[in-house]
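Asks: Here's a sequence, model it:
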Amino acid sequence: MALDSATGSGMSSILSRQKAAHIRDGIPSVSKRIEWLDKSIDLLVTHGDALAEAMREDFGHRSVDQSNLTDIAGSIGALKFSKKHVAKWMRPEKRKVEFPLGLLGSRAELQFQPKGVIGVISPWNFPLAIFIGQISAAIAAGNAVIAKPAEATSLIAARAIELAYAAGVPQELLQCVPGS
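Replies: Numbering: from 1, shown residues only. Coordinates of the predicted model:
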């Protein structure tokens with residue numbers, strides 16, 4: 001099912017499943033994150049016209065060419081940027097050790113780790129570009145996502161999530177909740 005119930009108990013159930021999957025699977029590797037980003041890029045390249053048509057239906061008058069330029073191409077650019085930089089973003093950073101521990105041979109580094117499950121709320125004006133941009137950042141960081149699209153653009157969100165599941169993006173990684 002593309003969209004889960006947005007009731008309080010429905011959202012609690014989604015959150016519990018995603019947290020359990022995150023704990024069970026551990027921190028995703030760089031190759032796994034790149035795989036997810038590649039699936040998203042392929043989805044937009046393959047189904048961009050259908051997604052642009054869904055945006056036209058949501059808005060009732062939006063140009064398909066505008067949607068292809070602003071939302072589809074813009075989203076592909078954001079995903080490619082994340083793919084290019086994700087390995088660098090994951091690298092630990094060395095930190096200076098304060099006195100006196102530095103004298104004793106201590107070392108320190110900052111290790112970046114995902115938070116677990118991230119909530120994404122997107123506006124109506126660029127329903128796919130902002131939606132995908134926020135989701136790609138969260139996924140590149142190794143997090144699962146609960147996405148809440150704008151009520152005015154529920155058709156494009158439903159279509160995008162449906163295509164993501166068909167492309168092999170696991171439901172434990174991405175869930176979409178409609179409503180207010």
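
Asks: Show the contacting residues for the closest residue to residue 37 other than its chain neighbours.
Replies: Excluding its sequence neighbours, the residue lying closest to residue 37 (Cβ to Cβ, 6 or more residues apart in numbering) is residue 83, at 4.4 Å. Using the backbone N, CA and C atoms, a C-beta is placed for each residue, glycine as well. Neighbouring residues of residue 83 by Cβ atoms under 8 Å, 6 or more residues apart in numbering: 34, 37, 38, 41, 140.

Asks: For the third one, list the residues it contacts.
Replies: Going by Cβ under 8 Å, 6+ apart, residue 38 touches residue 83.

Asks: now swap in the first one and tell me
Replies: Residues in contact with residue 34, defined by Cβ under 8 Å, 6+ apart, are 83, 86, 87.

Asks: Secondary structure element for it, which one?
Replies: Secondary structure from DSSP states H and E places residue 34 in helix 30-59.

Asks: Let's have the contacts of residue 83 in a markdown table, adding distance to residue 13 and pLDDT.
Replies: Below are those laid out as a markdown table (distance: Cβ to Cβ, whole Å; pLDDT from 0 to 100):
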| residue | distance to residue 13 | pLDDT |
| --- | --- | --- |
| 34 | 30 | 94 |
| 37 | 27 | 90 |
| 38 | 29 | 92 |
| 41 | 30 | 91 |
| 140 | 26 | 90 |
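
Asks: of those, closest to residue 64?
Replies: residue 41 (20.0 Å; Cβ to Cβ).

Asks: wait, doesn't the closest one sit right on residue 78?
Replies: No. Residue 41 is beyond contact range of residue 78, at 9.8 Å (criterion: Cβ atoms under 8 Å).

Asks: Could you look up the next helix or strand downstream of the helix or strand of the chain with the lowest mean pLDDT?
Replies: Here the helix or strand of the chain ranked lowest by mean pLDDT, DSSP states H and E is helix 154-166, holding a mean of 84. The helix or strand immediately downstream of helix 154-166 is strand 174-176, counting by DSSP H and E.
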